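Peer 1: Got a sequence here, can you build the structure:
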Amino acid sequence: MEPDFFLELIRRHLPLSINRAEYSDENLSIGGPEWSFNSTSPWRLLADNRLVVGSYDENSYASVANLAGRQIVGAEAQGVRGSMDPSFELDDGAVLEVFSCHFLEPWVLRLPQEPIIVASPSEEDGAA
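Peer 2: Residues are numbered from 1 along each chain as shown. Predicted coordinates for the structure are as follows:
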């Protein structure tokens with residue numbers, strides 16, 4: 001799957017309301033009505049181009065819980081060229097970035113009435 005196609009699938013459903021957000025056992029899980037994003041990869045939350053919190057910070061669990069009530073209003077591919085790793089812009093201007101570091105299914109995105117998108121860095125195009 002090409003990054004542009006992946007991004008277009010997400011953008012069709014924006015804004016995505018985050019009704020639940022949690023981080024436990026190195027699993028980031030956010031979602032809302034009819035959609036979800038789950039990742040075992042490292043992540044970081046930026047605001048005003050500064051790091052707010054990252055997946056390995058001691059307050060990461062509480063910080064992720066604060067995402068509930070926010071909306072995803074933008075989506076970009078970030079990282080190396082052709083990367084399928086998402087960067088989600090939130091309604092308050094913060095950005096949630098995810099960095100695939102596992103070769104097998106580092107994140108899974110389910111959108112309403114769309115195919116389930118599973119990152120697969122070992123695949124040539126980055127997703128299956």
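Peer 1: Show the average pLDDT along the helix ranked longest in the chain.
Peer 2: Longest helix in the chain by number of residues (criterion: DSSP state H): helix 3-11. With pLDDT averaged residue by residue, helix 3-11 scores 85.
Peer 1: And it, what does it pack against?
Peer 2: strand 71-77 (3 or more Cβ pairs under 8 Å, 6 or more residues apart in numbering; DSSP states H and E). (Each C-beta comes from the backbone N, C-alpha and C, glycine too.)
Peer 1: Counting by contacts, list what the strand it packs on packs against.
Peer 2: With 3+ Cβ pairs under 8 Å, 6+ apart as the test, strand 71-77 has helix 3-11, strand 16-17, strand 86-90 packed against it.
Peer 1: contacts for it?
Peer 2: The contact list for strand 71-77 (Cβ atoms under 8 Å, 6 or more residues apart in numbering) reads 3, 6-7, 10-11, 14-18, 83-91.
Peer 1: As PDB, could you dump the C-alpha coordinates of that strand?
Peer 2: The C-alpha trace of strand 71-77 is given here as PDB (Å, rounded to 0.1, in the frame of the first residue of the first chain):
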ATOM      1  CA  GLN A  71      -9.700  14.700  18.000                       C
ATOM      2  CA  ILE A  72      -7.300  13.700  15.200                       C
ATOM      3  CA  VAL A  73      -7.600  16.500  12.600                       C
ATOM      4  CA  GLY A  74      -4.700  15.700  10.400                       C
ATOM      5  CA  ALA A  75      -2.500  12.700   9.300                       C
ATOM      6  CA  GLU A  76       0.900  12.600   7.600                       C
ATOM      7  CA  ALA A  77       3.500   9.900   7.000                       C
END
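Peer 1: Thank you kindly, that will do.
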